[in-house]
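# With the input below, show me the fold.
(2 chains)
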There are 2 protein chains.
Amino acid sequence: MPAADLSQQPARPSALDPAVAARLRRSADGLVAAIVREHDTGDVLMLAWMDDEALHRTLTTGRATYWSRSRKEYWVKGATSGHHQYVRSVALDCDGDALLVTVDQVGAACHTGTHTCFSDELTVTRPEEDA
Amino acid sequence: MPAADLSQQPARPSALDPAVAARLRRSADGLVAAIVREHDTGDVLMLAWMDDEALHRTLTTGRATYWSRSRKEYWVKGATSGHHQYVRSVALDCDGDALLVTVDQVGAACHTGTHTCFSDELTVTRPEEDA
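Model (predicted):
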């Protein structure tokens, strides 16, 4: 049962294979989430966003390409930083709103210079019965 | 530079630690993305969504709890299916809009019965110079 705010159409023109585009369930702003995982380590590196064209470029150039929600533009990871992401594989999830992008990561994935963006551990307090 | 559509306030009342809540950068509908990873295998299982209260419940009960965008309600993973997720750790990303939730998964993570939700591999055609 799709949420009311899903977009059936790409936000921008794209050369993405129509058979793939038809399986996407986009957010209201035309995006799907892209989870980025490192091939060699399995580490989850970052979360970014793709529209149809960013996915098309990722699939056809082998370089991870995202849509920047703040800058409203395409963004080839590493183009500025040199921290390239060479794409090994891309998988779509069961409901079409998330991608798992497996990459060879050059240098740090995070713009802060850390290996992954997920370095802020929150405190989990499990109840005693689960301890 | 935050996108214009970020919400500075929780969408619903929550008992989440204010110090954690202050670090969240929520979507327009008050949510952050939750990437779910299996502890033992490192497999990325699924992507779900949390509001402040879902994160609070996840951190304090040790059971992964999400916000269902379609049903507009909280959802304890496994409550219906028996496919529970016992939370090992939760990390927030550098810009506060995504969580990495590491769990012990009971049974299949995907509602389709597969181990992970990411079973639809897309074709990647790398240019010859990268081959």
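# Spatially central, which residue of chain A would that be?
Closest residue to the average C-alpha location of chain A: A:Ala34 at 1.6 Å, with Cα atoms, centre = their mean.
# Next SSE downstream of the helix or strand hosting that residue?
Assessed by DSSP states H and E, A:Ala34 sits inside strand A:32-38. Using DSSP H and E, the helix or strand that follows strand A:32-38 in sequence is strand A:44-50.
# could you give me the average pLDDT of the helix or strand that that following strand is followed by?
Toward the C-terminus, strand A:44-50 is succeeded by helix A:52-61 as the next helix or strand (DSSP H and E). Averaging pLDDT along helix A:52-61 yields 97.
# burial measure for the closest residue to A:Ser89 other than its chain neighbours, as a count.
Closest residue to A:Ser89 apart from its sequence neighbours, by Cβ to Cβ, 6 or more residues apart in numbering or on different chains: A:Thr102 at 4.7 Å. Just so you know, the C-beta spots here come from the backbone N, C-alpha and C atoms, and that holds for glycine as well. Neighbours of A:Thr102 under the rule other Cβ atoms under 10 Å in any protein chain shown: 21.
# helices and strands around the one helix or strand A:Thr102 maps to, which ones?
A:Thr102 is located in strand A:98-105, with elements delineated by DSSP H and E. If you count contacts as 3 or more Cβ pairs under 8 Å, 6 or more residues apart in numbering or on different chains; DSSP states H and E, strand A:98-105 packs onto strand A:32-38, strand A:44-50, strand A:85-92, strand B:44-50.
# what about 10 Å?
Applying 3 or more Cβ pairs under 10 Å, 6 or more residues apart in numbering or on different chains; DSSP states H and E, we find strand A:98-105 packed against strand A:32-38, strand A:44-50, helix A:52-61, strand A:85-92, strand B:32-38, strand B:44-50, strand B:120-122.
# I'd like the distance from the fifth one to the chain centre, please.
Relative to its chain's centre, strand B:32-38 lies at 3 Å (Cα atoms, centre = their mean, to the nearest Å).
# now the last one
Counting by Cα atoms, centre = their mean, strand B:120-122 is centred 21 Å from the centre of its parent chain.
# Parallel or antiparallel, list what pairs with that strand.
Here strand B:120-122 is paired, per DSSP bridges, with strand A:85-92 (antiparallel).
# ok, back up a step: wait, what's in contact with the residue nearest to the centre of chain A?
Applying Cβ atoms under 10 Å, 6 or more residues apart in numbering or on different chains to A:Ala34 gives the contacts A:46-50, A:54-55, A:58, A:64-67, A:90, A:98-101, B:47.
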